[in-house]
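J.: here's my sequence, what's the structure:
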Amino acid sequence: MTRAYDALHWLRDLRDDELVVAEQTLPATAEAVIVGGGYMGGATALWLARAGMAAVLLERRGISTGASGRNAGFIAPGLDRPFSAAVAQLGQASALERLQYTRRGRDLALAVITELGIDCELEDCGGLTLASSDAEWQVLRDSGAALRAAGIPVETLERDDLAAHLHVPVPAVFRGALFNPETLLVSPAKINRAVIGEAERLGARVYTGTEVTALVEQPDGRLRVESSRGAILTRRVVLATNAWTPLLAGYLQGRIRPVRGQMLVTEPAPRAFRRGMSTNHGYEYWSQRHDGRIILGGARWAVPDRDEGYYAEEVNPTIQAALARFLFETFPSLAGTAIATRWAGIMGFSRDGYPFIGPLPGRPGIWVVAGFTGHGGPYSAIAGRTIAELLTRGRSDEPVHHFALDRALPEG
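T.: As a prediction, this is how the structure comes out:
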């Protein structure tokens, strides 16, 4: 029998009861309600439970069936742009604080994986950002120098150095690369399922198949969380809904936009890659996992609208064809490898490339953790912990001012 999510590579080995919780009656009240059963919602539930606050988590479909089960499986500390560009935009101190937040996020994710003994296909192998043009190579060299000056353990690799990171001949298109030894490869859905399971063990309650439709302020200051299965009264709501957040929090209209990402995975192929990899300013990203399968995403450049503005998780044939051409033309030894499955997922891109983590202006009791611009992996554990600290302690030692919802944003 075919399941609804069998096309999603990361969900293929999970049982139905690991994705969808059996039908239950919603409680009338809750200390806190989390909307969204992905990376951010799961991490928030865990850290709230560890702080003694048992939240109710509502997910409209199944656990990890959104972007957290549709991505490339990277936890790669870094920003949405080269570090040299971030320094030019923000200044050295601000860019470094944001980067260090993602590095702490990577370390925290690894600590949680280790502590909980999560079997998530972990590969602590590092990642390469490959330059496919002279201009991109200059940017990577500049960023490498700036990162090393800031004490970040990256390495700039000349073209002759690349052979040590590949099992196939180095394609002529690549000029060099930046190596980040901290990049992890994981099964995101397995991490999230285990994190949510631990939150449940500590008292959190999870309800799938429950779509939240409105958040209504009540005269006593509480919020009425209206859903497809009834309503819950609470004083704290966390929207961990990424691209869908503006639909429940109108304040974020124009601040977060949906962007559709396209992915494919091959059948097991001869060993070609030793690391997680990306190129073309991040437009292509891929890895070859322990079973020989190659997971590849990107190529949004292949269509005029860059696949932006869509909530439909539909495969785009033009982009999928561009992905296949990239793989087989760049690495001819892989030609003939069969593609096992293709899928699409919706990412939430913020207007300035940095996430929103904090209270929703003008709506007391509503908090947001969203807008990760395709880089949710390194933020997953630490953003959940940060929002839990804000709810339970009223503060966090993390640099949350960088992620304020009401910060000034560029036009457009």
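J.: now do the strands in the stretch 1-150 of the chain.
T.: Along the stretch 1-150 of the chain, the stretches classed as strands by DSSP state E, counting those that start in this stretch are 33-35, 56-58, 74-75, 127-131.
J.: and of those, who's closest to Arg106?
T.: Comparing the strands of the stretch 1-150 of the chain by their distance to Arg106 (CB to CB), the top pick is strand 74-75, with 5.5 Å. For the C-beta atoms, the positions are set from N, CA and C on the backbone; glycine is no exception.
J.: one step back: TSV for the strands of the stretch 1-150 of the chain, including mean neighbour count and distance to Gly298?
T.: Output for the strands of the stretch 1-150 of the chain, formatted as TSV (neighbours: other CB atoms under 10 Å; distance: least, CB to CB, whole Å):
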stretch	mean neighbour count	distance to Gly298
strand 33-35	28	29
strand 56-58	26	31
strand 74-75	28	12
strand 127-131	25	13
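J.: closest one to Val186 among those?
T.: Closest approach to Val186 among the strands of the stretch 1-150 of the chain (CB to CB): strand 74-75, 5.9 Å.
J.: quick check: mean pLDDT of that closest one?
T.: The predicted model assigns strand 74-75 a mean pLDDT of 97.
J.: what about that strand, distance to the chain center?
T.: Chain-centre distance of strand 74-75: 8 Å, with CA atoms, centre = their mean, to the nearest Å.
J.: would you mind measuring from the residue in the chain sticking out farthest from the centre to Ile366?
T.: Going by CA atoms, centre = their mean, the residue of the chain most distant from its centre is Pro219, 36.7 Å out. Distance of Pro219 to Ile366, computed by CB to CB, to the nearest Å: 17 Å.
J.: enumerate every residue touching Asp291.
T.: Contact analysis of Asp291 by CB atoms under 8 Å, 6 or more residues apart in numbering lists Pro268.
J.: helix, strand or coil for it?
T.: Secondary structure, DSSP: H, G, I helix; E, B strand; the rest coil: Asp291 is coil.
J.: outline the domain layout of this protein.
T.: With domains defined by automatic domain parsing, the chain comprises 1-124+183-255+351-412, 125-182+257-349.
J.: pick the most buried one from the ones you listed.
T.: Counting by mean count of other CB atoms under 10 Å, domain 1-124+183-255+351-412 has the highest mean neighbour count of the domains of the chain, with a mean of 20.
J.: ok, of the domains of the chain, where does mean pLDDT dip lowest?
T.: If you rank the domains of the chain by mean pLDDT, domain 1-124+183-255+351-412 sits at the bottom with a mean of 94.
J.: can you give me the helices in the stretch 1-150 of the chain?
T.: Secondary structure of the stretch 1-150 of the chain (DSSP state H, counting those that start in this stretch): helices located at 16-19, 39-50, 83-90, 92-116, 134-149.
J.: what's the closest non-adjacent residue to Asp352?
T.: Of all residues not flanking Asp352 in the chain, Leu409 sits nearest, at 5.1 Å (CB to CB, 6 or more residues apart in numbering).
J.: got it, and Met277?
T.: Counting by CB to CB, 6+ apart, Met277 lies nearest to Leu128, which is 4.9 Å off, once chain neighbours are set aside.
J.: swap in Ile382?
T.: Nearest non-adjacent residue to Ile382, counting by CB to CB, 6+ apart: Gly105, 3.6 Å away.
J.: residues contacting that neighbour?
T.: Counting by CB under 8 Å, 6+ apart, Gly105 touches 75, 77, 378-383.
J.: strands - which of those residues land there?
T.: The strands, defined by DSSP state E, take in Ile75 from the contacts of Gly105.
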